[in-house]
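Participant: pasted the sequence and its predicted model underneath.
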Amino acid sequence: NAGVTQTPKFQVLKTGQSMTLQCAQDMNHNSMYWYRQDPGMGLRLIYYSASEGTTDKGEVPNGYNVSRLNKREFSLRLESAAPSQTSVYFCASSEQLWAWTSTFGSGTRLTVV
Amino acid sequence: DQQVKQNSPSLSVQEGRISILNCDYTNSMFDYFLWYKKYPAEGPTFLISISSIKDKNEDGRFTVFLNKSAKHLSLHIVPSQPGDSAVYFCAASYIYSGGGADGLTFGKGTHLIIQP
């Protein structure tokens, strides 16, 4: 099915470990985003990429890095995971930056112990 | 400080009745508002939006009302159906004079439960 694919769906990390969350979209969208959702909280923007080759910080970028590998793929890296990064991570894409009808992936549930 | 507030974490409504979900905002610069719907283990999906130049927008069973003076918006679902059971997020943004827009600020969400 067309849309946004995130891998993995679940992950448990130990404090200090690193990992990369993968995201790919097949809708030829220009813009891609990474959000996190903490329990009882709304989504908060971590990083975004307006177009291939560009990335910018969002509201909560500390502890993360991103790579816009090509137009389809936008990865999120945790270099040294901390318990405060336990969250559900959503990748999204849209044809234009901040287009309201962004398509979201189904999320990656990350637990850092 | 939360700029978009959804003060009801959950709401239970009988099937066939009206569901009213509320949202308040504090940033007077917001001029575009959206509602997203989220099922468990899925990402949010866009539901309906409203510009600050309007006070009502309707799409089938869903209507969003905006009261700018009160900085309040609400989502009405009539009639409520079992498939409407989900978490609903209110979100807001503002449009730059040049035509660009800023990112979305989300509320915490309201879990709507439709009872048979």
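Facilitator: Noted; the coordinates are in hand.
Participant: residue 24: which element?
Facilitator: In the absence of a named chain, chain A is used. Residue A:24 belongs to strand A:19-25 when assigned by DSSP states H and E.
Participant: that's the wrong chain, I wanted chain B
Facilitator: Element membership for residue B:24, per DSSP H and E: strand B:19-25.
Participant: after that strand, which helix or strand is next?
Facilitator: Past strand B:19-25, the next helix or strand by DSSP H and E is strand B:32-38.
Participant: ok, residues contacting that next one?
Facilitator: The contact list for strand B:32-38 (CB atoms under 8 Å, 6 or more residues apart in numbering or on different chains) reads A:100, B:21, B:23, B:25, B:44-52, B:62, B:64, B:66, B:73, B:75, B:86-95, B:101, B:104, B:106, B:109. Glycine gets a C-beta too; all of them are placed from N, C-alpha and C.
Participant: next, the angle strand B:32-38 makes with the next helix or strand after it.
Facilitator: Downstream of strand B:32-38, the next assigned helix or strand under DSSP H and E is strand B:45-51. For strand B:45-51 against strand B:32-38, the angle by axes from the mean of the first three to the mean of the last three CA atoms, to 10 degrees is 160 degrees.
Participant: give the other helices and strands that whichever helix or strand comes after strand B:45-51 contacts.
Facilitator: Counting by DSSP H and E, the next helix or strand C-terminal to strand B:45-51 is strand B:56-59. Counting contacts by 3 or more CB pairs under 8 Å, 6 or more residues apart in numbering or on different chains; DSSP states H and E, strand B:56-59 packs against strand B:45-51, strand B:62-67.
Participant: can I get strand B:56-59 in CSV? Just the C-alpha atoms.
Facilitator: In CSV, the C-alpha atoms belonging to strand B:56-59 read as follows (Å, rounded to 0.1, in the frame of the first residue of the first chain):
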residue,chain,number,x,y,z
LYS,B,56,-17.6,27.1,10.6
ASN,B,57,-16.5,24.3,8.3
GLU,B,58,-18.6,21.2,7.6
ASP,B,59,-17.6,17.9,6.0
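Participant: pull the residues that contact it.
Facilitator: B:48, B:49, B:50, B:63, B:64, B:65, B:66.
Participant: ok, 7 Å please
Facilitator: B:48, B:49, B:50, B:63, B:64, B:65 (CB atoms under 7 Å, 6 or more residues apart in numbering or on different chains).
Participant: could you list the low-pLDDT ranges of chain B?
Facilitator: For chain B, the stretches with pLDDT under 70 are B:95-102.
Participant: and it, which of its residues are near chain A?
Facilitator: With CB under 7 Å from any CB of the partner chain as the criterion, chain B meets chain A at residues B:34, B:41-44, B:46, B:49, B:89, B:93, B:101-103, B:106-109.
Participant: tell me the one of these nearest residue A:90?
Facilitator: Distance to residue A:90, by CB to CB, is smallest for residue B:43 among the residues of chain B next to chain A, at 5.3 Å.
Participant: in terms of contact, does the closest one touch residue A:105 like I think?
Facilitator: Yes - here residue B:43 reaches residue A:105: they are 5.2 Å apart, a contact under CB atoms under 7 Å.
Participant: quickly list what's touching both of these two.
Facilitator: Common neighbours of residue B:43 and residue A:105, using CB under 7 Å, 6+ apart, are residue A:90.
Participant: what residues are up against residue B:51?
Facilitator: Contacts for residue B:51 (CB under 7 Å, 6+ apart) come out as B:31, B:32.
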